[in-house]
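> Here is my input, please return the structure:
(one chain, ligands or ions: 1)
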Amino acid sequence: MSTPVPVLRLNGLGWSVRGVPIVEDVSFEVGEGEFVAFIGPNGAGKTSLFNLISGICPASHGSLELDGADVTAEPVHARARRGLGRTFQTSSLWAGLTVADHVRLAAQAAAGPRASYRIWRRAERYAKAVAETLERTELADRAEALAGSLSHGEKRKLELAVLLVSDPRLILLDEPMAGVSAEEVPALVELIRSVHKEQGRTVLMVEHHMDVLLGLADRLAVMHHGTLLALDTPAAVMADETVQQAYLGEAL
Ligand SMILES: Nc1ncnc2c1ncn2[C@@H]1O[C@H](COP(=O)(O)OP(=O)(O)OP(=O)(O)O)[C@@H](O)[C@H]1O
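Predicted structure coming up:
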């Protein structure tokens, strides 16, 4: 039986700025439907690694494959067309637009530049995708609310909705709990769990809170000084002495 092609493969990937290495020689594979969480101290290179994977930063060395295709030279939108989507650490919503407008615009953007000419023919399809996405992200009753009026937890849900309406297979979530109140965290965790388990998407997520990750992640990746220090099951990573010395002992 042949081994399945990983959804994502990094081969010695790295990024330097004016000769200073930010991410160095990172290699790993992620299988279809896996959930890999990235931890590490501030400045360890987690967001930079996500920027490399999504195409925001150009690789200085190494290569990156999506579903077996070398995409190292491909721009962000080409990787998005292959099913890669991401959210950002800081919120990127328009305060004066409604929740439904955000999701509608994202659906149209995902359909490509020519979609606007055919929009009248597709209106029904968009409406269905938008309604389903709002339902899935528990935002249906907030559809007409302005994004600026949402709580932090609702804003994070909306960012997920904007991502999910394009139906990505591989999603990168950069600190999706950042700024969210303690009361809103459990609902957001459940939502991310269902995006992974029920919708069957492959998830990579940067998160500082171990209590959130331990119930979600199949594997933990530890970043330290721009390198991948460990990548294993949560139990194995927590028991790893190198990890404890480098990170866990001080930060968790
Ligand atoms: N465009 C850039 N130019 C120069 N240095 C950068 C750039 N982007 C990031 N860095 C540096 O690279 C290092 C890694 O930053 P990065 O944001 O990837 O870390 P992180 O692990 O995501 O941190 P945090 O947990 O605080 O978000 C930091 O020292 C940061 O200052």
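> Assess the claim that Leu204 and Phe38 are in contact.
Yes. Using C-beta atoms under 8 Å, Leu204 is in contact with Phe38, at 6.7 Å. Where C-beta positions appear, they are placed from N, C-alpha and C, glycine not excepted.
> Please give the element, helix or strand, for the closest residue to Leu228 other than its chain neighbours.
Using C-beta to C-beta, 6 or more residues apart in numbering and skipping the chain neighbours, the partner closest in space to Leu228 is Val26 (4.8 Å). For Val26, the host element (DSSP states H and E) is strand 20-30.
> Each with direction, which strands does whatever helix or strand comes next after that strand pair with?
Going down the chain from strand 20-30, the next helix or strand is strand 35-39, by DSSP H and E. Strand pairing for strand 35-39, determined by DSSP bridges: strand 202-206 (parallel), strand 219-224 (parallel).
> Could you find the closest non-adjacent residue to the most centrally placed residue in the chain?
What sits nearest the mean C-alpha location of the chain, by C-alpha atoms, centre = their mean, is Leu172, with 1.5 Å. In space, and not counting its chain neighbours, Leu172 is closest to Arg86: 3.8 Å by C-beta to C-beta, 6+ apart.
> residue contacts, that neighbour?
Phe50, Ser54, Leu163, Ile171, Leu172, Leu173, Asp174 (C-beta atoms under 8 Å, 6 or more residues apart in numbering).
> Just the buried subset of these, written out for PyMOL, thanks.
Remark: buried members of the contacts of Arg86, expressed as a PyMOL selection using 16 or more other C-beta atoms under 10 Å:
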select buried, resi 50+54+163+171+172+173+174
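> secondary structure element for Ala127?
Judged by DSSP H and E, Ala127 forms part of helix 119-136.
> should've said Lys157
helix 152-164.
> helices and strands around that helix, which ones?
strand 84-86, helix 99-111, helix 119-136, strand 170-174, helix 185-197 (3 or more C-beta pairs under 8 Å, 6 or more residues apart in numbering; DSSP states H and E).
> Lowest average pLDDT across these?
Looking over those, mean pLDDT reaches its minimum on helix 119-136, with a mean of 79.
> Just give the number of residues close to whatever residue of the stretch 51-200 of the chain ends up closest to the ligand.
As assessed by C-beta to the nearest ligand atom, the ligand sits closest to Gln89 within the stretch 51-200 of the chain, at 6.0 Å. When neighbours are defined as other C-beta atoms under 10 Å, Gln89 has 15 of them.
> Phi and psi next, for it.
Dihedral pair for Gln89: phi -60, psi -40, per degrees, to the nearest 10.
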